[in-house]
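1. sharing a model that was predicted from the sequence below.
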Amino acid sequence: MDTDRYSDLKHDTKLVIWDLDETFWQGTLSEGGITPVAAHLAMIRKLVERGIMCSICSKNDFATARDKLQELGVWDLFVFPHIDWTPKGAAIKSMLERMGLRAENTVFLDDNHLNLEEVRYFCPGIACVDAKGTTDGSAPDLTGLLDLPQCQGKDDHKLTRLDQYRMMETREADQQTGGLSNEEFLRQSGIELKIITDLDGHMDRVVELINRTNQLNFTKQRVHDAAQRAELEELLRVPGVHAGLVHVRDRYGDYGIVGFFCVRVRFSGTTVHHFAFSCRTLNMGVEQWVWRHLGQPEFTVVPPVANGLDTPAQVDWIRSVTEFGQSPKAGSDRSLILVGGCDLQQVSFYCGARRIEFVNKQDDQGVIVRYDDAGFLLNPRDRTLDRNWVMQNVAGHSLRDLLDADAGFAASDVIILSMFFSFCTQNLFTHEGENQPDRYLVTVPPKRLAALTRDPQNSIRMLRAMRHLRLTLEQRVDLMRAAFARVHALKRPDARMFLIGVSTTGEQAQRTAEDRQAFNRLCREFCIIHAGAEFVDIDAVVPAGEFVDSDHYTRTGYFKIAERINAVSDQAQDVRQAG
């Protein structure tokens, strides 16, 4: 093999672009005929069966060249061919943009030195191969490409990738002939997106997306060996991790699994470990839709990337589905509000994209702001709250938070409350103000106050401002019942309110068994009495093998909770429609 001929090849090859005259075949088509090169005809099929696409950039008459390639039986193996008399540099640059491919993953074969230099100029990084034949006039031997490690590709005897690029060609042709803008065209394309959360059996595709995507790989974190793959699989079992594969289809065809995301939600914020998408859905808004679906987490994008995540500002042409081709359920676009620990964002994630989340987080000083607090639901909503030193320094949440929560309770289709932390904390601190005792309630552990009272000046202010009550179990039941009742009074009559119970199994649960049993009993009884309220019994809903500990579950465990919420919500919607 002539290794010098292929010295430009540095990266895995995804596309080979062929010149025709004196390269793919012998002779010049416009000057009296050509002689096919059998080895090249076979080579095209072998490349395509490896998932490596083939295209054409040739100065020829399009119809004449097409007819000859059809006669040779290979026309249907080429994608995005450029056959006309225009310069090749700009033509190939445009071809790569339309296909969503990088120059670094492309090989260009041509017998003309000037064409090769022109393409190098317009497409930096492309591998240009001099396909000039031998001095005796025989055809160049280009089959050495098949032996290069950069051209091994991946077995694709079913020609799946070829079908996908053919589909892209059809979409492009329809858009051009229809005279539609890109967004207008996307809206009529019927794009459906399915998120696969059960990754068992899909890990090879996960690793492939992480390692092979570049233009739409926003983190560039790779998995190079078995140890790194084991680390990824362990990460996927960690509570608080959202992960999924993204499968896309539209009226033109099935794009397959085109994306993978893995984010971890903690008190300190959201960490984006992986966010990678195939270029085959470039400019369809898929990555922007998924980013918004995840709550627009902030993270450092590792360049280069083909598109940003904040443009377009709105992606309203993608429909999320659980199965392709199903008619959307009336509740598929339901809105929801969640109040609870940050790990329960996994529940809301599986319940829908239109969600408001008041979940525990760290403030700027690194102190946990807890929204799963009876005071967050019960405190009066007036301007004195934001001016109160105690609320600013102890509770962490603002008057704006309280007002936004009330608006969410009144407007949302689904309300999810997970309040066991507040219930099991026996220390209630109150502030007496404006001749109105117990005006502000803060349910926090004493250590939170201890951190604020190290300064003697703060200690004095704290003693003057707050009263510490150690509540009995009965008092805590009454307090939480009042909190639930206030939210229930705000909700719409047709909305559903879910009270997340707590597990009574496991070592951790045994230490607080009385509190757990009382809390579950309170939630169950409240839901029996109040219309539109539903108790989620964790022991019944989460399978035994999906507990990480008594209060945290695997991704499957959180999905089971969401599945229960969705099933009840869908059933209620069906009943309303039937009535």
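-> Perfect, thanks for sending it.
2. CA atoms for contacts and neighbours, from now on please.
-> Fine.
3. where does the stretch 451-579 of the chain dip in pLDDT?
-> Within the stretch 451-579 of the chain, the stretches with pLDDT under 70 are 451-469, 574-579.
4. next one: the longest helix belonging to the chain to chain centre, how far?
-> If you go by DSSP state H, the chain has its longest helix at helix 555-578. Distance, stretch centre to chain centre, for helix 555-578: 22 Å (C-alpha atoms, centre = their mean, to the nearest Å).
5. and it, what's buried?
-> Neighbour-count burial for helix 555-578, counted by 16 or more other C-alpha atoms under 10 Å, picks out 555-566, 569-570, 572-573.
6. of the residues you listed, which is the nearest to Val119?
-> Arg555 (48.7 Å; C-alpha to C-alpha).
7. shouldn't the closest one be in contact with Pro239?
-> Yes: with contacts counted by C-alpha atoms under 8 Å, Arg555 reaches Pro239, the gap being 6.7 Å.
8. helices of the stretch 301-450 of the chain, start to end?
-> 345-351, 374-378, 389-390, 399-411, 420-424, 446-452 (DSSP state H, counting those that start in this stretch).
9. what residues does the helix or strand containing Ala482 touch?
-> Using DSSP states H and E, Ala482 sits within helix 473-490. Residues from elsewhere that reach helix 473-490 (C-alpha atoms under 8 Å, 6 or more residues apart in numbering): 374, 377-378, 406, 409-410, 423-424, 426, 497, 515, 518-519, 522, 526, 530, 533.
10. ok, the longest strand belonging to the chain: who's next to it in the sheet?
-> Ranked by residue count and defined by DSSP state E, the top strand of the chain is strand 253-266. Applying DSSP bridges, strand 253-266 is found paired with strand 241-250 (antiparallel), strand 269-277 (antiparallel).
11. so where's the stretch 251-400 of the chain uncertain?
-> In the stretch 251-400 of the chain (pLDDT under 70), the answer is 267, 327-332, 363-367, 389-395.
12. 80 instead?
-> Along the stretch 251-400 of the chain, the parts satisfying pLDDT under 80 run over 265-269, 325-333, 342-346, 349, 352-353, 361-370, 383-397.
13. show me where it has strands.
-> Using DSSP state E, counting those that start in this stretch, the strands found in the stretch 251-400 of the chain span residues 253-266, 269-277, 318-320, 335-340, 354-359, 361-362, 368-369.
14. going along the chain, name the strands of the stretch 401-550 of the chain.
-> Using DSSP E, counting those that start in this stretch, strands in the stretch 401-550 of the chain cover 414-417, 427-433, 436-443, 466-470, 496-500, 533-536, 547-549.
15. ok so, going back, format the CA atom coordinates belonging to the helix holding Ala482 as CSV.
-> C-alpha atoms of helix 473-490 as CSV (Å, rounded to 0.1, in the frame of the first residue of the first chain):
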residue,chain,number,x,y,z
LEU,A,473,-45.7,14.3,67.5
GLU,A,474,-49.3,15.3,67.7
GLN,A,475,-48.4,19.0,67.2
ARG,A,476,-46.2,18.1,64.2
VAL,A,477,-49.2,16.2,62.7
ASP,A,478,-51.4,19.2,63.1
LEU,A,479,-48.8,21.6,61.6
MET,A,480,-48.3,19.4,58.5
ARG,A,481,-52.0,18.9,58.1
ALA,A,482,-52.5,22.6,58.1
ALA,A,483,-49.7,23.0,55.4
PHE,A,484,-51.3,20.4,53.2
ALA,A,485,-54.8,22.0,53.6
ARG,A,486,-53.5,25.4,52.6
VAL,A,487,-52.1,24.0,49.3
HIS,A,488,-55.2,22.0,48.7
ALA,A,489,-57.3,25.1,49.1
LEU,A,490,-55.2,26.9,46.4
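16. only the buried residues of it, if you could.
-> In helix 473-490, counting by 16+ other C-alpha under 10 Å, buried: Leu473, Arg476, Val477, Leu479, Met480, Arg481, Ala483, Phe484, Val487, His488.
17. and what of stretch 107-118?
-> So for stretch 107-118, counting by 16+ other C-alpha under 10 Å, buried means Val107, Phe108, Leu109, Asp110, Asp111, Asn115, Leu116.
18. and what of stretch 34-45?
-> For stretch 34-45, the neighbour count (16+ other C-alpha under 10 Å) marks Ile34, Pro36, Val37, His40, Leu41, Met43, Ile44, Arg45 as buried.
19. reformat the buried residues of stretch 107-118 as a markdown table; add distance to Glu233 and pLDDT.
-> Shown next, in a markdown table, are the buried residues of stretch 107-118 (distance: C-alpha to C-alpha, whole Å; pLDDT from 0 to 100):
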| residue | distance to Glu233 | pLDDT |
| --- | --- | --- |
| Val107 | 35 | 97 |
| Phe108 | 39 | 97 |
| Leu109 | 41 | 96 |
| Asp110 | 45 | 95 |
| Asp111 | 48 | 93 |
| Asn115 | 47 | 94 |
| Leu116 | 45 | 95 |
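20. looking at the residues you listed, which are in helices?
-> Cross-referencing those against helices under DSSP H gives Asn115, Leu116.
21. distance to Val207 added to the buried residues of stretch 107-118, as JSON lines?
-> Shown next, in JSON lines, are the buried residues of stretch 107-118 (distance: C-alpha to C-alpha, whole Å):
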{"residue": "Val107", "distance to Val207": "25"}
{"residue": "Phe108", "distance to Val207": "28"}
{"residue": "Leu109", "distance to Val207": "31"}
{"residue": "Asp110", "distance to Val207": "35"}
{"residue": "Asp111", "distance to Val207": "38"}
{"residue": "Asn115", "distance to Val207": "37"}
{"residue": "Leu116", "distance to Val207": "35"}
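22. which residues touch the residue nearest to Gly100 when sequence neighbours are not counted?
-> Spatial nearest neighbour of Gly100, chain neighbours left out: Cys279 (5.1 Å); criterion: C-alpha to C-alpha, 6 or more residues apart in numbering. Cys279 makes contact with Met99, Gly100, Leu101, Thr213, Gln215, Leu216 under the criterion C-alpha under 8 Å, 6+ apart.
23. if we use 10 Å, what do you get?
-> Residues near Cys279 by C-alpha atoms under 10 Å, 6 or more residues apart in numbering: Met99, Gly100, Leu101, Arg102, Thr213, Asn214, Gln215, Leu216, Asn217, Val258, Gly259, Ala306.
24. could you work out the end-to-end span of stretch 17-26 for me?
-> 17 Å (C-alpha to C-alpha, to the nearest Å).
25. same question, stretch 143-162
-> Between the opening and closing residues of stretch 143-162 there is a gap of 21 Å (C-alpha to C-alpha).
26. give the contact list for Ile196.
-> Counting by C-alpha under 10 Å, 6+ apart, Ile196 has contacts His202, Ala243, Gly244, Leu245, Val246, His247, Ile257, Phe260, Thr322.
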